[in-house]
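Visitor: Would you be able to build a 3D model of this:
(2 chains)
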Amino acid sequence: METNNEEAAKKSLNFIEAFVEQDLKDKKNDGRIQTRFPPEPNGYLHIGHAKAICLDFGIARNYGGICNLRFDDTNPVKEDVEYVDSIQNDIQWLGYQWENVYYASDYFQQLWDLSIDLIQQGKAYIDEQSAETIAKQKGTPTVAGTESPYRNRPIAENLELFKKMNTGEIAEGAMVLRAKIDMASPNMHFRDPLMYRVITSHPHHRTGWTWKAYPMYDYAHGQSDYFEGVTHSLCTLEFEVHRPLYDWFIDQFKDSDYRPRQIEFNRLNLTYTVMSKRKMLQLVQEGLVSGWDDPRMPTICGLRRRGYSPEAIHSFIDKIGYTKFEAQNDVGLLEHAVRENLNKTATRVNAVLNPVKLIVTNYPEGKVEMMETGNNPEDESAGTREIPFTRELYIEREDFMEDAPKKFFRMTPGQEVRLKSAFIVKCTGCKKNENGLIEEIYCEYDELTKSGMPEASRKVKGTLHWVSASHAVKAEVRIYDRLFSIENPSADERDFRDLLNPDSLKVLTNCYVEPSLAKAKALDHFQFQRIGYFNVDPDSSAEKLIFNRTVSLKDSWAKEQNK
RNA sequence: UGUCUUAUGGUGUAAUGGUAGCACUGCAGUUUCUGGAUCUGCCUGUCUAGGUUCGAAUCCUAGUAAGACAACCA
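Guide: Prediction:
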């Protein structure tokens, strides 16, 4: 979020920033900049919303304007307070604070009054045909619509019926208010768009049963912008065709030089996931994920639980930019962003996910030596800590091979390897059970090679992480991977449930972590050395430590093996 | 036989009529007490055809391809 002046000068503007700067230069709207983030409280925010949030709040912040949060709560059937709280929480977690929080429902009276005006001007009428009939009369994109028989209803009658729409005297679905524009318009949205419908079945989460007639998006959204003084109304590409109607409504009511301007940008599409609210809701309701905050979900709360930091999300959104081109963003770039961020900030710790015992045969039994180790090689100020070294350790099973290929730089009989922050040891053999499974590995240490001593600088090819068997703490580690096994599940004709990655979650229950992790707090980030970035799951407790893998470290050995 | 919009390496994004650059990915190397990170190098691109211009990724025309629009959703 911070950029120094030199960087800012070099950075090229995206097309929206360019518009904003031009408007500022032209002194439009008295040089005011005002944006809004207008979520509908009917679901949890996802990374696509984060892209919009960064733009809405970012433009305001960078150009000395303000950004309000406005809940577009015009459909009581779908909306709920549950979502209002989570939305506010997620925005703040991303590092933004709205100037005011508004609700479209705050404007129900104003919107009502304006539509009365419109009716009185003869520009709106009550239609009492069925939804199906109205849809049929709309025509198709290539065929003009036909006019409703109620289109020329007398003004007084319109007024009377409109009032009845709001008193409960008119049944849900029986009548609507439509703007009288042009049924033959090549833009479908101009074919007498609906302005109001009746909803009697659900109370509104804020206004209760006060209103029975509810305004529709095209009318409510633009006018809400206008009431608030929004100058730049930023939204995604699919609203492009709505813009002429947005402008039309503004023109009907505008009473000064001020006017809000709608600008559309491309939405965020991430590979290997779905972003539609409907599909995400199905994943949750059908138990295909553990909830909205399942670490595999692209929701803000899911990413947070997965171990993503706000900084990483900002950095990612910065990299993908804002254009009018419908993009497919590589989830690899998001993973890169979080690695880049966590590499600078995460404390390095030792954790053994798939343990096998390593016995240092020439190390005294019962002896405990405290080894000093750096918390973060990328950040001197992170300091150091001590970890216990003993005769019996755990290392990763994958770090040992009895018959190793030439390029295997880890533990194998006869080869020297470094135990990170401790000693150089030489493998002397192993013990296997009757099935050939390796039960113990043996090695001898060279006490002159203790970290920090001159002999420690000896060249050895491999360095392994380890924990002391008697000090290590048991932990559960959840290994998350991409939710879907194919790149673009939304474009696939198969049912999206069939495209889920069966290996998107692996739970490892037999992991050992160094003792310092016993006091880690929920959501704390760590790098498990040589493995990846992990954070503490909110369900973790002193009795049962639980870690989530945010993302693996790049693994050039795995790549080598796949050749 | 509509309206609107878009098209730059595998992906994303710059170049605002004047040397097609950056990031991710991939590959090769350097370095390293993380096979991480770092550092270096390399591969790969202006949808097509015309036109305007001294000069076009950029402007114009036509094509091609893709997306949005026919909810009493937002």
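
Visitor: for the residue in chain A that RNA strand B sits nearest to, helix, strand, or coil?
Guide: Of all residues in chain A, the one sitting closest to RNA strand B is A:Ser451 (2.3 Å; C-beta to the nearest atom of the strand). For glycine as for every other residue, the C-beta is placed from the backbone atoms N, C-alpha and C. At A:Ser451 the chain is in coil, as set by DSSP: H, G, I helix; E, B strand; the rest coil.

Visitor: Surely it touches A:Glu369?
Guide: No. With contacts counted by C-beta atoms under 8 Å, A:Ser451 stays clear of A:Glu369, the gap being 10.7 Å.

Visitor: what about A:Tyr308, how many neighbours?
Guide: Close neighbours of A:Tyr308, defined as other C-beta atoms under 10 Å, add up to 26.

Visitor: ok, the nearest residue to it once chain neighbours are set aside - contacts?
Guide: In space, and not counting its chain neighbours, A:Tyr308 is closest to A:Val338: 5.4 Å by C-beta to C-beta, 6 or more residues apart in numbering. Taking C-beta atoms under 8 Å, 6 or more residues apart in numbering, we find A:Val338 in contact with A:Gly307, A:Tyr308, A:Ser309, A:Ala312, A:Phe316, A:Tyr533, A:Thr550, A:Val551.

Visitor: please redo it, this time with the cut-off set to 6 Å
Guide: Taking C-beta atoms under 6 Å, 6 or more residues apart in numbering, we find A:Val338 in contact with A:Tyr308, A:Ala312, A:Val551.

Visitor: Any chance of those residues in TSV with secondary structure and pLDDT as columns?
Guide: Formatted as TSV, those follow (DSSP: H, G, I helix; E, B strand; the rest coil; pLDDT from 0 to 100):
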residue	secondary structure	pLDDT
A:Tyr308	coil	98
A:Ala312	helix	98
A:Val551	strand	98
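
Visitor: Spell out which parts of the stretch 101-250 of chain A neighbour RNA strand B.
Guide: A:129-131, A:134-135, A:138-142, A:172-176, A:186-189, A:194, A:197-198, A:214, A:216-217, A:220-221, A:237-242 (C-beta under 7 Å from any atom of the strand).

Visitor: In strands, which of these appear?
Guide: Among these, the members found in strands (DSSP state E) are A:Val176, A:Leu194, A:Arg197, A:Val198, A:Tyr214.

Visitor: Let's have those in a markdown table, adding neighbour count.
Guide: A markdown table is the format used below for these (neighbours: other C-beta atoms under 10 Å):
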| residue | neighbour count |
| --- | --- |
| A:Val176 | 24 |
| A:Leu194 | 17 |
| A:Arg197 | 20 |
| A:Val198 | 22 |
| A:Tyr214 | 24 |
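
Visitor: mind listing what the spatially most central residue of chain A touches?
Guide: Central residue of chain A (C-alpha atoms, centre = their mean): A:Ile47, 2.9 Å from the mean position. A:Ile47 makes contact with A:Pro298, according to C-beta under 6 Å, 6+ apart.

Visitor: For it, give me phi and psi.
Guide: With angles defined as degrees, to the nearest 10, A:Ile47 sits at phi -60, psi -30.

Visitor: could you measure A:Asn62 against A:Thr347, distance?
Guide: Computed as C-beta to C-beta, to the nearest Å, the A:Asn62 to A:Thr347 distance reads 33 Å.

Visitor: The two: which has the busier surroundings?
Guide: Shown here are A:Asn62 and A:Thr347; by other C-beta under 10 Å, A:Thr347 has more neighbours (18 against 14).

Visitor: How many residues are close by the residue nearest to the more buried one when sequence neighbours are not counted?
Guide: Leaving aside its sequence neighbours, A:Thr347 sits nearest to A:Asn375 (C-beta to C-beta, 6+ apart; 4.8 Å). Neighbours of A:Asn375 under the rule other C-beta under 10 Å: 17.
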